[in-house]
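> just coords:
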């Protein structure tokens, strides 16, 4: 018998002396294999859970992106269709509601600009002194002052505009420049285009024409141009297009636009320049010389707002400056904000939409 030292004193016969260490090693290997299998199973389970969570996250991200696009497009398409009270734009311009004379009307416009520096009030007084619409038999929908001494005349129809323009040229052309405004091309936003179908501008435009405008793409006056493309996190792109009024109308009426192997949704696109420092309009934060304003409470501060109320800085200023009756109990980013709608409609009046839009 031979004595082997260990944690426990054991005695072995010679026949099993050679096999005993092997058995212990085998037992240890089996235990380790069992642990490895359990850990491997756990890793596989965690991997499956991770894949499921990733899929859920992708779906949530896709849903969130679609909802953001819908909200953004809804904001762009909002019109002043509130029938209960007139909006700010209607209050300032004297327009009526209930469809009679909204601020979206396509009344022909004339712009009268002085050749020398003077106030808009002076320009307006001289026009009224020298031009009598009733004698001309011309309907005028409104007369308002603009910047740099200019006055904008809204005429009842195209015939009235011609009469007013000819008379002003006859009486006042020595001191004033009279012109019709140059209307801009309308724009359209197409969302949900697959990133794999992104291509050069020419190829994308050809795809839009060939797949959606087969009877219109070669007509006289046809215009289609890519202004901007925006890449989204869900491997989709958004296209901003500029088009002639007829093409714009056709694409909007189609609703869904085919591009390569994708189908995107089309919306009218109007870009309102907004500052995210003071939340005013017609300038950007990088050019803003105003103080930081909270979009929610209209006070001067940055960071999270703890106010329990909403107060729009733009409507609040308009109430104080113009003494008009509008509500300011909303935040400055509210798409139903009267000041926002006023700016939106003023931009739309400078766009060459079809009359039936």
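Arrived safely, thanks for sending. These numbers come from a predicted model, not from an experiment. Residues are numbered from 1 along each chain as shown.
> Leaving out sequence neighbours, find the closest residue to residue 145.
residue 120 (3.5 Å; Cβ to Cβ, 6 or more residues apart in numbering). From N, CA and C alone the C-beta is placed, and that goes for glycine too.
> For the one you found, give me phi and psi.
phi -70, psi -30 (degrees, to the nearest 10).
> Show the contacting residues for it.
Residues in contact with residue 120 (Cβ atoms under 8 Å, 6 or more residues apart in numbering) are 145-151.
> Swap in 7 Å and give it another go.
With Cβ atoms under 7 Å, 6 or more residues apart in numbering as the criterion, the residues that contact residue 120 are 145-146, 149-151.
> Give me the residues contacting stretch 107-118.
123, 127, 141, 149-158, 161, 164-165, 168, 175-181.
> pLDDT averaged over it, what's the number?
Here stretch 107-118 scores 90 as its mean pLDDT.
> Okay, domains of this protein per the record?
109-179, 187-269 (automatic domain parsing).
> Among the contacts of residue 120, show me the least confident.
Within the set of those, pLDDT is lowest for residue 146 (87).
> so it touches residue 153, yeah?
No. At 10.5 Å, residue 146 does not count as touching residue 153 under the criterion of Cβ atoms under 7 Å.
> Among the contacts of residue 120, which one is most surrounded by other residues?
Highest neighbour count within the contacts of residue 120, by other Cβ atoms under 10 Å: residue 151, with 23 neighbours.
> and the gap between it and residue 209?
According to Cβ to Cβ, to the nearest Å, residue 151 and residue 209 sit 42 Å apart.
> related to what we said a few turns ago, out of the contacts of residue 120, which comes closest to residue 192?
The shortest approach to residue 192 among those belongs to residue 146, at 39.7 Å (Cβ to Cβ).
> quick one: contacts for the closest one?
By Cβ under 7 Å, 6+ apart, the contact set of residue 146 is 120, 152.
> ok, and the closest non-adjacent residue to residue 293?
residue 278 (4.7 Å).
> what about that neighbour, which SS state?
coil (DSSP: H, G, I helix; E, B strand; the rest coil).
> That one: neighbouring residues, count only.
Here the number of neighbours of residue 278 (other Cβ under 10 Å) works out to 20.
> Go ahead and confirm it touches residue 289.
No. Judged on Cβ under 7 Å, residue 278 makes no contact with residue 289 at a distance of 8.8 Å.
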